[in-house]
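Asks: Generate a structure from the sequence data that follows.
(chains A and B)
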Protein chains: 2
Amino acid sequence: MNTPDPAPVHPAWLPPEAFRAIGGRRTLVCGEGLLVQTVYDEVAQACARYGGTVTRQRVGAGTGGRAGASGGPYDLVLALGTGGPLPAGAAEVVAEAAGPGPDADGDELGPEGFALVRRHGVTVVLADEPAGLLYGLFEVVRLGAAAFGADRPARRHRPAMRLRLVSHWDNVDVHPRMGQVERGYAGGSIFWRDGAPRHDAERVRGYARLLAACGFNAMTVNNVNVHGTATRLLTDRLDDVAEIAELVRPYGIRVHLSVNFAAPVALGELPTADPLDGDVRAWWAKAARRLHETIPDLGGFMVKADSEGQPGPYRYGRSHADGANMLADALAPYGGVVHWRAFVYNHHQDWRDRSVDRARAAYDHFTPFDGQFRENVILQVKHGPMDFQVREPVSPVLAAMPRTRLAVEVQATQEYTGQQRHVCYLGPSWSEVLRFAPWGEDGPTVASVVAGTTGHGAPTPSTGGDLPAPAGGGIVVVSNVGDDHYWTGHPLAQANLYAVGRLGWAPDLDPVAVLDEWIELTFTPSATGDPELLRGTLHALLDDSWHTYERYTAPLGVGFMVRPNTHYGPDVDGYEYSRWGTYHFADRDGVGVDRTRATGTGFTGQYPQPWADRYESLERCPDELLLFFHHVPYQHVLQSGSTVIQHIYDSHFAGAEEVAGMARRWAGIAGSGLVDPALHARVTERLAEQLRSAEEWRDKINTYFLRKSGVPDAHDRPIY
Amino acid sequence: MNTPDPAPVHPAWLPPEAFRAIGGRRTLVCGEGLLVQTVYDEVAQACARYGGTVTRQRVGAGTGGRAGASGGPYDLVLALGTGGPLPAGAAEVVAEAAGPGPDADGDELGPEGFALVRRHGVTVVLADEPAGLLYGLFEVVRLGAAAFGADRPARRHRPAMRLRLVSHWDNVDVHPRMGQVERGYAGGSIFWRDGAPRHDAERVRGYARLLAACGFNAMTVNNVNVHGTATRLLTDRLDDVAEIAELVRPYGIRVHLSVNFAAPVALGELPTADPLDGDVRAWWAKAARRLHETIPDLGGFMVKADSEGQPGPYRYGRSHADGANMLADALAPYGGVVHWRAFVYNHHQDWRDRSVDRARAAYDHFTPFDGQFRENVILQVKHGPMDFQVREPVSPVLAAMPRTRLAVEVQATQEYTGQQRHVCYLGPSWSEVLRFAPWGEDGPTVASVVAGTTGHGAPTPSTGGDLPAPAGGGIVVVSNVGDDHYWTGHPLAQANLYAVGRLGWAPDLDPVAVLDEWIELTFTPSATGDPELLRGTLHALLDDSWHTYERYTAPLGVGFMVRPNTHYGPDVDGYEYSRWGTYHFADRDGVGVDRTRATGTGFTGQYPQPWADRYESLERCPDELLLFFHHVPYQHVLQSGSTVIQHIYDSHFAGAEEVAGMARRWAGIAGSGLVDPALHARVTERLAEQLRSAEEWRDKINTYFLRKSGVPDAHDRPIY
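Replies: Purely as a prediction, here's the structure:
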């Protein structure tokens, strides 16, 4: 069954060296269960390499304390619960970790939390459930030697969001246009090849381990556009899913399945997929039962319905609530959830009709149904109202459905952000989304909304008052991983997957600090030479790379100036006269989309205050979103003091120049031994393409706007 | 071997009814040979249907005159040569047909010519060679009952061009992007499917028959971009070609083969394809020998070299003459020719560099080699300097290589002219090209240059004086045929293939008269109802459809405002900032490409007088090519009296309105019995798409230029 790729897979943020601090010490692992076994195996593997010892103590397995090879005491104790006997030295530290009782907000450690403390030369990780122990182990890995240094007061760690899911747009059959992985920029799928499972157990297991180490706990294994063979994963190809579930389960990853809403019809079993039809409901109930018989911990379904040609309840005159609830009812007996995507809009829009605004679509479609979804329905909302552009405002849906479980969806695969040929570290972008406070500075953030930890901050039209928070829906991340040697095509794009996992666990983390963790884990252990030079170089390339990408591409939040279909490279009018609802309305006088209530599409009215008014105001709308909300003359003066047209020129020259600087900086560590030469070469090659592309963007955008506006560059730089 | 498509193939311009006049009469066929047998079989088939008789008389087969079922005399005599005995009544008419001896210009009837005369109630076709008899038969078919009416004085018919070749861009393997037929809009290939021959003998034979009936005598069977299996047609897949050659030979069609210049390397047999390398030359000589052993009448090779990524002599530091001559030497012993395409340009152009002009490329690349090509090399020149746009000037190469055999290449497959979803009868466009007189009104035409019947009209820089004409290269037509039921997707697109065949035979024909022939053959015989209504409707749809298409698409010769890759539908800037050398340079002040000698790329200087000066002159340049040669302000006044911007608006409104009129007109004959209802429905469906597309063109082009120019429409029509 196992046919691994001949090329070894890159260890990413879990190279053996990252376990050095643990592997050289004496560890006790206490507890039982699959994930505790994983913890034990990880430590044992490290010890085999670095000469340490690991002792396994099962609950009630003995008096403890003398089972280890070295006869105790231990440097590290990883203990599940407090029911079992513990070695003398560890017991009191554990007691400290366990105290001071339940958290202030009333919760226990929960199913994934852990406490970490160091005292009397012993580091203790304590968890209530096996998953917590696993996450605790990876926290120790992250700390490295520091985990065994000075004392550390007890600190509890719990994920902010219960569901942290990686969504794979992997096709089972090769799609004629989209290929094996839709919007994949890292080779083939790690799960599927040409309509069949790859059976590459090694790679899938390694992937699950990486996901767990940065905080994920769920994944879908197939594209949200479900066609052909993928439809049958529900039925006669279910074993293919079970095989993956089996491989990822030891790392606490639950598998979810993307399903075709019209599966009963597509599979030829029923004449309708009407969600209110009794036969259809029975069909799904039976499918769910069979699924959970085969995969008892199946997480649930993900559904793209009535979107971009996918079937859905509209076909039968039913609502999204009808559709989602039917699937939710089928899954409810087994604890499964339905991720129902809010990415619904008219993709056959007439560009001539300016009254239609795609940005409004998700809000208009879904907010009327707030409160009507089952408790196990999660409405999955893209972070912005359009589609993963480099800069969008936060989707107003995230602040408008107080009685609905919401998840925020972000895109690690760099569809619109350089397709893993460009360095574009998206941690800061996602951090901005998660920290965004829809009701103003002191109100709840998007992170707390999707975590389900706070209610909405202000009355909304649909409720008239504050409500208790619904259970959280968490974060969904479109994966950037494929069967490429580096997992992500561009080696530095690994940072995006790592970062978004960490931000899902702890949205308050500083994305630059997260990057530092990633650098420390991934590169530092094996580097020879000056680690600070390496760290400095990587930070110089990555920290501001999202802003750099923004500078040389579509300006001031306008978006979609990309080549149709591929979404790579500039094409200013590529989506201007199209059916996709993605326009900039540039003419000889000005540019931007008027989405104000006063004179435009009224989209600003979908936000609560203060944003409804701030976005509405030409003076107070943030510069970086100006053209998303307003159509302005080229000579409009930004808050920055520059004009729109001069900002376009300046930012594009600056962005391309920054890429040139990144390439120079990277070239500076060639031959230094700081990174593997093959990895250095791969990044060098991609930086060359990024520079070529950035210059192409610069020149096309500048030329387009010079030709249209007639306003010369104040600094007389070359524009064509 | 024969696996015909289950759907019957449309008879196109050879329905059985077209043979009614012959089939009901008494015919004598005299002569021997494969093509004479074809003539006999055609007549016999018609007689079987309509009750006439046909008599076969071989040379020396008897005294003649009494062999027929009716015992003579005959209504029609189709006779090869005058050597054999003829029936009494026919002999004197034949004598008249044979006289008055050789033509004024010194030639005999030649290998494909025939004489036609009617006298004393007998119609006689006389030919020197079997092919002439076949063409004569089809002339009688075209004449129908009129061939048997009043007396007709003897008239000689000879094709203007010796080579009239249909070029198939059919891939043997399915190309991942281009499919089975590159730029094919009529289904799959009639020759190939998924890397293998289709063995659809019926269809291929039927196709050869249609080609012969409109005047073609050659075809290539594979795409000029030669990849994968197609490369091996030269070697171990040669039998696949031989099978096709066998099927088309009875209709006088010779097969040519598109070859990969790097075949010796691609097939893994040699390390180089250097045309001056002895082993390479020997390899091709051997390949040619093997080819001609298998297919003795193989016409030769067609080569796309050093063009759009295809390999060629440049790779080895050799010239196009070196490359072409090597292949010519290999073919010379067998009388084969090399069609060497002049479509060579830099397809990685930097749009920022305005000094490069793709229009100049073919002239710049090839004219230095005038006189250096072997006699069996034909330089195949696209009719315009760019690439089959709806409007281009004639390529100056056609007037600049007096010592080179030239063929003109035109495109029946409607890549840039509506892709057989739009009605666009290209006869008038090709007629303009063929009648174009590069040296002024009284000089030779393009038709005479490629026919090889006249020398160049004026001294050129490379010769310093008049030269005798080289042998002609003829006309090459990119086929619009596929395995669609109607052959061409759009049933009315059949007219294009018919017309270009006829124009290759007789370039002076009026394209509207040719259309009339096509209507008469294709529709009239089977129509019930008023034939004049049908004829009027078809003329109304087709006659001016090329101009209609021009009106609603790219204005004033500017070209290439199409969607990249697919080339269907409008995208004004689609090719503006690309590597393809296809720009319009529209800005807020004006539009067009300055190709003058005075201030532009100097392309006008590639033309002889008077065109060099006429195109150079802003005042005298024909309106329809203004933007091809000049960059002008939007308010520039055309010779028509309109401004450029108002012309853009007016022509786009008019073009779309004309399409609406076409659709109404066609709807008017619904249910009339004038055409088959299925065909009516197909055309109706395509007209609906044409109208939708024409309105899309109208609105996008108008909106683009309104936004850019700021000049309102004088008639205040809706622009967005």
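
Asks: Please identify which helix or strand holds A:Q639.
Replies: Using DSSP states H and E, A:Q639 sits within no helix or strand.

Asks: Now do the contacts for the closest residue to it other than its chain neighbours.
Replies: Distances taken as CB to CB, 6 or more residues apart in numbering or on different chains place A:D623 nearest to A:Q639, at 5.2 Å, with adjacent residues excluded. (Glycine included, C-beta is placed from N, CA and C.) Contacts for A:D623 were tallied using CB atoms under 8 Å, 6 or more residues apart in numbering or on different chains; they are A:556, A:638-640, A:647.

Asks: Out of these, the closest to B:D483 would be?
Replies: The shortest gap between B:D483 and any of the contacts of A:D623 belongs to A:L556, at 51.4 Å (CB to CB).

Asks: ok, that closest one to chain B distance?
Replies: In this view, A:L556 and chain B are 19 Å apart by CB to the nearest CB, to the nearest Å.

Asks: Show me which residues of the stretch 451-600 of chain A sit near chain B.
Replies: Remark: the part of the stretch 451-600 of chain A in contact with chain B comprises A:563-564, A:570-574, A:577, A:586-589, using CB under 8 Å from any CB of the partner chain.

Asks: what do you get for chain A?
Replies: Residues of chain A found near chain B, taking CB under 8 Å from any CB as the criterion, are A:351-352, A:354, A:563-564, A:570-574, A:577, A:586-589, A:699-700, A:703-704, A:706-710, A:720.

Asks: Among those, the buried ones, what's the ChimeraX command?
Replies: With 16 or more other CB atoms under 10 Å in any protein chain shown as the burial test, the buried ones among the residues of chain A next to chain B are selected in ChimeraX as follows:
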select /A:351,563,564,570,571,572,573,574,577,586,587,588,699,700,703,704,706,707,708,709,720
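
Asks: Could you name the specific helix or strand carrying A:A79?
Replies: Taking DSSP H and E as the definition, A:A79 sits inside strand A:76-80.

Asks: neighbours of the residue nearest to A:H647 when sequence neighbours are not counted, just the number please.
Replies: Taking CB to CB, 6+ apart, and ignoring the residues beside it in sequence, A:H647 has A:L638 as its nearest neighbour in space, at 5.8 Å. The local packing count at A:L638 equals 17, with neighbours defined by other CB atoms under 10 Å in any protein chain shown.

Asks: Now do the same for A:L638: its pLDDT.
Replies: A:L638 is assigned 98 on the pLDDT scale.

Asks: residue contacts, it?
Replies: Under the criterion of CB under 8 Å, 6+ apart, the neighbours of A:L638 are A:556, A:623, A:626, A:644, A:647.

Asks: Most proximal residue of the stretch 351-500 of chain A with respect to chain B?
Replies: Among residues of the stretch 351-500 of chain A, the one nearest chain B by CB to the nearest CB turns out to be A:R352. It sits 4.5 Å away.

Asks: what sits against that residue?
Replies: For A:R352, the contacting residues are B:699, B:703, B:720, by CB under 8 Å, 6+ apart.

Asks: from the residues you listed, which single one is nearest chain A?
Replies: Taking CB to the nearest CB as the measure, chain A sits nearest to B:Y720 out of these, at 4.5 Å.

Asks: Show me the strands in the stretch 351-500 of chain A, by range?
Replies: Secondary structure of the stretch 351-500 of chain A (DSSP state E, counting those that start in this stretch): strands located at A:377-382, A:405-411, A:474-478.

Asks: In CSV: those, plus mean neighbour count.
Replies: Listed next are the strands of the stretch 351-500 of chain A as CSV, based on neighbours: other CB atoms under 10 Å in any protein chain shown:
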stretch, mean neighbour count
strand A:377-382, 27
strand A:405-411, 26
strand A:474-478, 27
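
Asks: give me the low-pLDDT residue ranges for chain A?
Replies: Low-confidence regions of chain A, defined here as pLDDT under 70, cover residues A:1-7, A:59-72, A:82-91, A:96-107, A:454-469, A:525-527.

Asks: returning to that earlier point: what subset of the contacts of A:D623 is buried?
Replies: Among the contacts of A:D623, those classed as buried by 16+ other CB under 10 Å are A:556, A:638, A:647.

Asks: Thanks a lot, catch you later.
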